[in-house]
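Chemist: give me the fold of what follows.
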Amino acid sequence: MDSSEQGSSMNAGIAAGMTLPPGVTEEEAEEMQMELIKVEDEIETLRQVLVAKERHAAELKHRLGISPLSEIKQNITKGWHDVQCSNAYLTASATLEDIGRSDAYKRTQETLSQAGQVTSAAFSSMGSAIRSRFGEMRALPYSDSGSNLSMRHSLSMPAMRNSPSFKSFEDKVENMKYKVMGRANGENDHSPTSNNAPL
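Modeler: You can find the predicted model right below:
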């Protein structure tokens, strides 16, 4: 369809009952309609050119041995390089370096290091104390040393139960049990063994 045919069909469309917007004459409407057809033709031509160019680019990449995977890798590398060169990245890097050199950061780092050392020492001494308590309990004599008695039986033996370590541990467990059970039953925190040190 050439422009004269389009113009005549346009006039037929306008004359066939197409209402014009207010303030637009029939002549202006025809001009705009012709321009719209021309722009739509250009858009279609550009789409066809773009498809042809994309086909040509794909053919060139194939002949050069560029695969889609290598293209993705290249895009990622370029993107990372662009990020590293961006002002935001450079500013953030400089800020982190400044923070790392600051006195507040160094003091915090030293404090955390010292806290870690103290905590490690506390756990170590607690382990030593537990080992020595078990050693004390193991060293206590009990009557039937030649038989195969279970650990439960040996702990219930009077000699071990009367050791200071076992008594202290037993009192603390009973105190804790009374506190938990007493609260569950609505009782107060005063237990018969409340003179013992809390856990």
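
Chemist: which SSE is residue 88 in?
Modeler: In the assignment (DSSP states H and E), residue 88 maps to helix 87-101.

Chemist: over to residue 52?
Modeler: Residue 52 belongs to helix 26-64 when assigned by DSSP H and E.

Chemist: next SSE downstream of that helix?
Modeler: Past helix 26-64, the next helix or strand by DSSP H and E is helix 68-85.

Chemist: need the contact partners of that following helix.
Modeler: 61, 89, 90 (Cβ atoms under 8 Å, 6 or more residues apart in numbering). For the C-beta atoms, the positions are set from N, CA and C on the backbone; glycine is no exception.

Chemist: so which bits of that helix are buried?
Modeler: Of all the residues in helix 68-85, not one is buried under the rule 16 or more other Cβ atoms under 10 Å.

Chemist: tell me the mean pLDDT over it?
Modeler: Averaging pLDDT along helix 68-85 gives 86.

Chemist: show me the shaky parts of this structure.
Modeler: Applying pLDDT under 70 to the predicted model, the residue ranges of the chain that meet it are 1-17, 140-162, 178, 180-199.

Chemist: these two touch, right, residue 26 and residue 32?
Modeler: No - with contacts counted by Cβ atoms under 8 Å, residue 26 stays clear of residue 32, the gap being 10.9 Å.

Chemist: can you redo the contacts of helix 68-85 as a markdown table with distance to residue 48?
Modeler: Rendered in a markdown table, the data for those read as follows (distance: Cβ to Cβ, whole Å):
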| residue | distance to residue 48 |
| --- | --- |
| 61 | 21 |
| 89 | 41 |
| 90 | 44 |
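
Chemist: between those residues, which is nearest residue 170?
Modeler: Taking Cβ to Cβ as the measure, residue 89 is the one of those closest to residue 170, at 63.0 Å.

Chemist: distance of that closest one relative to residue 77?
Modeler: Using Cβ to Cβ, to the nearest Å, residue 89 is found at 15 Å from residue 77.

Chemist: again, but for residue 86
Modeler: For residue 86, the distance to residue 77 under the criterion Cβ to Cβ works out to 15 Å.

Chemist: how about residue 51?
Modeler: Distance of residue 51 to residue 77, computed by Cβ to Cβ: 29 Å.

Chemist: that's all I had, so thanks and see you.
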